[in-house]
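S.K.: Build me a model:
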Amino acid sequence: MAQPPAEDRQRIDGFLDALWLEKNLGENTLAAYRQDLLQLSTALAELDVDLISADASHLGRILGQKLQSGAALRSVARLVSSTRRFYGYALREGWITRNPSQNLQSPRLARYLPHVLSETQIEALLAAPDLTRPLGLRDAAMLELMYACGLRVSELVHLEMRQLDLTADLVMVFGKGRKERLVPMGEMAAERVSTYLQQARPQILKERISAAVFVTARGTAMTRQRFWQNIEGYAKVAGIEQKVSPHSLRHAFATHLLNHGADLRSVQLMLGHANLGTTEIYTHVAQARLKALHEKHHPRA
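M.R.: Residues are numbered from 1 along each chain as shown. Below you'll find the model as predicted:
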């Protein structure tokens, strides 16, 4: 099997360094770009061309093969996006004189409605941790804060002490591209976090020092993978049969706010969405929920 040429690897590294400097993108986003471009370079090598010598027909052939192989449309769309961005950079840097990706068409993605946990299910999930144990207090604070603020899991596990203002019940969140946003956490979440910080965190750290808010028994910051496993475990304790992930709490945060009358712009700001269109998906979820309630309870539905 062909391998990405060394020159392509160097160009990809240069492109990713520029993205990091200019856009301040997160590690996960940069890793996704790297994976896509190495995959593209490998496929081009099998056609005896590299990234710089490839033309539109080469790119179209590779994307066509990926679609025919049954690859997920979202995966193909991401590859198209990565390819376009790389060649835009290559043109700007003078590596190429013509952009071979300018006419690439991204597959149309179906707009899906995320399944949202009900308020009753959320209450059961938040009540699942054992509050008699330090790790249970930690997990309860994490669940409560994630639901109260609509945080991404990466934002939650990377929280540092300096980002919390328990006097004003606010949290400073660093989102995608390190964009800052200030989110209210509410009294219940603030109380849970305060209890954890006072009663549990010192016991977990055992005189070790950490900047992270949420720490493990080893004294290190909680990881995304570990928190994901914890949520799945608590969902079982709560008797929730459907699949639950950290993002389920973010979905619930947005949908429940809209169900209770919040305006879309405010929800967008709290979620940290760059575009209002991304937030609009939750209006459809809220409308679907209201329709279901209407059909269930209205006498003439």
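S.K.: Only C-alpha atoms from now on, for both contacts and neighbour counts.
M.R.: Noted.
S.K.: Leaving out chain neighbours, which residue sits closest to N103?
M.R.: Closest residue to N103 apart from its sequence neighbours, by C-alpha to C-alpha, 6 or more residues apart in numbering: A56 at 7.9 Å.
S.K.: okay but the one you found is in contact with Y87, surely?
M.R.: No - applying C-alpha atoms under 8 Å as the test, A56 and Y87 come out as separate, 11.2 Å apart.
S.K.: which one of those two has more residues nearby?
M.R.: Y87 (21 against 14; other C-alpha atoms under 10 Å).
S.K.: Helix, strand, or coil at that one?
M.R.: Using DSSP: H, G, I helix; E, B strand; the rest coil, the structure places Y87 in helix.
S.K.: Skip the chain neighbours and tell me the closest residue to it.
M.R.: Closest to Y87 by C-alpha to C-alpha, 6+ apart is N99, at 6.0 Å.
S.K.: And stretch 134-149, how far out from the chain middle?
M.R.: How far stretch 134-149 lies from its chain's middle: 18 Å, per C-alpha atoms, centre = their mean, to the nearest Å.
S.K.: and the host helix or strand of G233, what's its mean pLDDT?
M.R.: Using DSSP states H and E, G233 maps to helix 224-237. Averaging pLDDT along helix 224-237 yields 93.
S.K.: What lies in contact with it?
M.R.: L125, A128, P129, D139, V153, S154, V157, E241, K243, V244, S245, P246 (C-alpha atoms under 8 Å, 6 or more residues apart in numbering).
S.K.: from what I can see the first one touches A238, true?
M.R.: Yes - contact status for L125 versus A238: in contact at 5.3 Å, counting by C-alpha under 8 Å.
S.K.: Give me the more crowded residue out of those two.
M.R.: For L125 versus A238, the count of surrounding residues by other C-alpha under 10 Å is larger for L125: 26 against 18.
S.K.: Show me which positions of stretch 15-29 end up buried.
M.R.: For stretch 15-29, the neighbour count (16 or more other C-alpha atoms under 10 Å) marks F15, L16, L19, W20, L25 as buried.
S.K.: Generate a markdown table for the residues you listed, with pLDDT and secondary structure as supplementary columns.
M.R.: Formatted as a markdown table, the buried residues of stretch 15-29 follow (pLDDT from 0 to 100; DSSP: H, G, I helix; E, B strand; the rest coil):
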| residue | pLDDT | secondary structure |
| --- | --- | --- |
| F15 | 94 | helix |
| L16 | 94 | helix |
| L19 | 88 | helix |
| W20 | 86 | helix |
| L25 | 75 | coil |
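S.K.: and which of these is nearest P5?
M.R.: Distances from P5 to the buried residues of stretch 15-29, taken as C-alpha to C-alpha, are shortest for F15 (15.5 Å).
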